[in-house]
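**Q** structure of the sequence below:
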Amino acid sequence: MLVVDDDVLVLMNTAALLEDLGHLVLEANSGAEALEIFQREPGIDLVITDQAMPMMTGIQLIDRIKTLRADLPIVLATGYGELPPGADPGILKLGKPFHQRDLAKVLAAALAEEV
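**A** Presented below is the predicted three-dimensional model:
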């Protein structure tokens, strides 16, 4: 899994929660870094991205990734209640802050959609 967040503490915490759930995790501090990792690592089966990041928002990152792999499950982690205008209403959203059980639920939903 690829986790993307510009807040280093949130990134490390999310990665630790995912690893505790048994997942192998790659971390990126920005949308640009996430795209580099994504193109270099073909085995990524899910992306979790923050929305509010400088230079490239989570929605912009999702759009870029979907042009490369339209079927990839992606979760948008955000503290905002609503998706930005123009965002795909089908995007799975994980409200911040979240607990490990919330993360596990959204992962199960995202991976179930992939099947």
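
**Q** tell me where this structure has strands.
**A** 2-4, 26-28, 47-50, 74-78, 92-95 (DSSP state E).

**Q** can you list the strands that the longest one pairs with?
**A** Spelled out, it's strand 74-78. Partner strands for strand 74-78, per DSSP bridges, with pairing direction: strand 47-50 (parallel), strand 92-95 (parallel).

**Q** from the chain's centroid, how far away is it?
**A** How far strand 74-78 lies from its chain's middle: 5 Å, per C-alpha atoms, centre = their mean, to the nearest Å.

**Q** cool, and stretch 69-88?
**A** 9 Å.

**Q** relative to Met53, how far out is Leu103?
**A** 19 Å (C-beta to C-beta, to the nearest Å). (Glycine included, C-beta is placed from N, CA and C.)

**Q** quick one on the thing from earlier: so which of the strands of the chain gets nearest Leu18?
**A** strand 2-4 (6.7 Å; C-beta to C-beta).

**Q** in the chain, which residue sits furthest out from the middle?
**A** Relative to the centre of the chain, and counting by C-alpha atoms, centre = their mean, the farthest-placed residue is Pro85 at 18.8 Å.

**Q** so which of the strands paired with strand 74-78 is the most surrounded?
**A** Most buried of these by mean neighbour count (mean count of other C-beta atoms under 10 Å) is strand 47-50; its value is a mean of 25.

**Q** contacts for that one?
**A** Strand 47-50 has contacts (C-beta atoms under 8 Å, 6 or more residues apart in numbering) with 1-7, 10, 14, 18, 31, 34, 38, 58, 61-62, 65, 72-78, 94.

**Q** could you redo the last one with a cut-off of 7 Å?
**A** 1-6, 14, 34, 58, 61-62, 65, 72, 74-78 (C-beta atoms under 7 Å, 6 or more residues apart in numbering).

**Q** contacting residues around the spatially closest residue to Asp45 that is not a sequence neighbour?
**A** Nearest non-adjacent residue to Asp45, counting by C-beta to C-beta, 6 or more residues apart in numbering: Met1, 6.8 Å away. Counting by C-beta under 7 Å, 6+ apart, Met1 makes contact with Leu18, His23, Leu24, Val25, Ile44, Asp45, Leu46, Ile48.

**Q** alright, that wraps it up for me.
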